[in-house]
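[1] The sequence and its predicted three-dimensional model are supplied below.
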Amino acid sequence: MRVLLALGLIILMSGLKAQSDSEVLDPAGFVTKYNPKFKGVGPEVYVLPAPRTKEEVLVDSYQEKKSFYDSIARELDYQNLVEEFQLTSNASYIKQQFDPYPSSPEKWTELINSLKKNNNTRLAVGLTNQYALEAIKRKDIKKAISLLGDALALVHHSEFRDDASVVQFNLSNAHLYQGSYADADALQERYLQQAVNNKSNVDQANSLVRVALIRAYQKEYKAAENSIIRRAIPLYNKIKDAQGKTKAWIQLAKIYQIQNKHTEAQWFLIQARELAKARNFKMDLPEIEYMLGYSKFIQQNYRVAKSELENAKTLADEENNKVLQLAIHDKLGEIDMIMGNYEDAAEHLSQYWKLRRELF
C-alpha cells in the first residue's frame with residue numbers, strides 16, 4: 001500500500017514539473033529575446049504586463065482633464081463680461097479722437113488727469129470707462145473695478161446721468177464676475193432705480209435680468225426666477241424687444257441649471273431658440289444649442305445631447321468662438337467615450353488640447 005502511495009506521489013510530482021516546464025514564460029508575446037539556459041539568481045525572464053490599449057489610455061486622459069471644466073465655464077463667463085460691457089454716450093467721439101489709445105498705464109493716467117484738470121468731466125469719464133474695458137481685455141479685473149469706481153465717483157454728481165448708469169452697470173458686472181455679490185447687487189439696484197426714474201423700459205428690463213443672476217448666485221432662486229418671469233419679460237413684451245427677451249430666456253435657463261433643474265432650463269432654452277431662429281439672432285444660437293446639449297448630457301440622454309452639441313459646434317465654428325468650441329469638444333468627447341466611439345473621442349481630445357493650449 002505504501003509502495004503504491006509513493007508511486008502515485010512520484011507520478012503527480014513529475015506531471016507538475018512537466019506542466020511547469022511547458023508554461024509560456026511570456027504569455028503576452030512581447031518579450032523577443034531571452035536566454036532559456038539562464039541559471040543565475042532571479043527568474044529566467046521578467047514577464048511585463050501587456051501595454052495599455054488605446055481605449056485605456058483615452059479613459060485616463062479624459063479622467064485627468066475633468067477637473068478643468070470649471071476653468072472653461074469661468075472663461076465663458078469672462079467672455080460674457082466682455083461682450084456685455086457698455087460704452088458711454090461719447091464712445092464714438094472718443095474712438096475718433098484718441099484711437100490708438102495710450103500704450104501704458106502712465107500715459108492713460110496722464111491723459112485722464114489732463115481732462116479732469118480742464119474740467120472736461122464727460123470725456124474723462126468716457127476715457128476711464130474705455131480704459132476699464134482695456135483692463136478687462138487683459139483680464140485685470142481688479143484694475144477695471146478700481147477704474148470704474150473712479151469713473152462713477154467722477155460722474156455721480158454730474159448731469160450726465162446716462163453715462164453714470166453705464167458705469168454702474170459695468171461696475172456691477174465686474175463685481176459679479178469677481179464674486180462680490182453684495183457690491184454687484186447694490187450697484188445694479190441703483191442702476192435699476194435710475195432706469196425707473198428715467199422711465200426707460202429697456203434699461204429696466206436689462207437690469208432686472210442682471211439682478212436675477214445676482215440673486216441666483218446668492219441662492220435666492222425664487223426671487224431670481226420672478227425677476228425675469230414676472231418683471232423683465234413683460235417689459236420686453238411691452239416694448240417688443242425680441243433680442244432682449246431671447247437673452248432673458250437664456251439667463252433664466254442658466255438660473256435653472258445652477259439649481260440642477262435641467263428640464264425647466266430646456267423648456268426656456270427651446271423658447272429662446274425658436275425666437276432666435278425666427279428673428280435671425282445668429283449670435284445667440286451657439287450658446288443656446290450648447291446649453292441644451294449640456295442639460296441633456298447631465299440628464300444622461302447622450303444621443304440627443306450629442307446631436308445638440310454637434311449643432312452648437314457647427315454654429316460656434318462659423319463665428320470662430322474658440323472658448324465655446326473648447327467646451328463643446330470637452331463634452332462631445334465625453335459622450336463618445338460613454339458610447340464607445342473611441343476614434344471620435346480621440347479626435348475630440350486632440351481638438352480639445354489644441355484649443356486649450358491656445359486659450360490657456
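    Perfect, thanks for sending it. Small disclaimer: the values here were computed from a predicted structure and weren't measured.
[2] C-alpha from now on. contacts and neighbour counts both.
    Will do.
[3] all strands for the protein, in order.
    Read by DSSP state E, the chain holds no strands at all.
[4] Give me the below-cutoff pLDDT ranges for it.
    Residue ranges of the chain with pLDDT under 70: 1-36, 44-47.
[5] mind checking how far the most centrally placed residue in it is from residue 294?
    Nearest residue to the geometric centre of the chain (Cα atoms, centre = their mean): residue 73, 2.1 Å. Residue 73 sits 12 Å away from residue 294, going by Cα to Cα, to the nearest Å.
[6] Residue 302 too?
    Look at residue 302 and residue 294: by Cα to Cα, they are 10 Å apart.
[7] Same check on residue 72?
    13 Å.
[8] Comparing the two, which residue is more hemmed in?
    residue 294 (25 against 19; other Cα atoms under 10 Å).
[9] what's near enough to touch the spatially closest residue to the more buried one that is not a sequence neighbour?
    Leaving aside its chain neighbours, residue 294 sits nearest to residue 305 (6.8 Å; criterion: Cα to Cα, 6 or more residues apart in numbering). Shown in contact with residue 305 (Cα atoms under 8 Å, 6 or more residues apart in numbering): 292-297.
[10] do that again at 7 Å, thanks
    293-294, 296-297 (Cα atoms under 7 Å, 6 or more residues apart in numbering).
[11] My guess is residue 151 contacts residue 123. True?
    No. Counting by Cα atoms under 7 Å, residue 151 sits too far from residue 123 to count as a contact (10.5 Å).
[12] When the two are compared, which one has more neighbours?
    residue 151 (25 against 18).
[13] which non-adjacent residue is nearest the more buried one?
    Residue 151 sits nearest to residue 125 (Cα to Cα, 6+ apart), 5.2 Å away.
[14] number of nearby residues for the one you found?
    Neighbours of residue 125 using other Cα under 10 Å come to 28.
[15] Report the separation between it and residue 324.
    33 Å.
[16] okay but the residue nearest to residue 151 is in contact with residue 153, surely?
    No. Residue 125 is not in contact with residue 153 according to Cα under 7 Å; the separation is 9.5 Å.
[17] So for stretch 172-181, what gets flagged as buried?
    Residues 172-177, 181 are the ones in stretch 172-181 that count as buried (16 or more other Cα atoms under 10 Å).
[18] neighbouring contacts of it?
    By Cα under 7 Å, 6+ apart, the surrounding residues in contact with stretch 172-181 are 81, 141, 145, 183-184, 187-188, 214.
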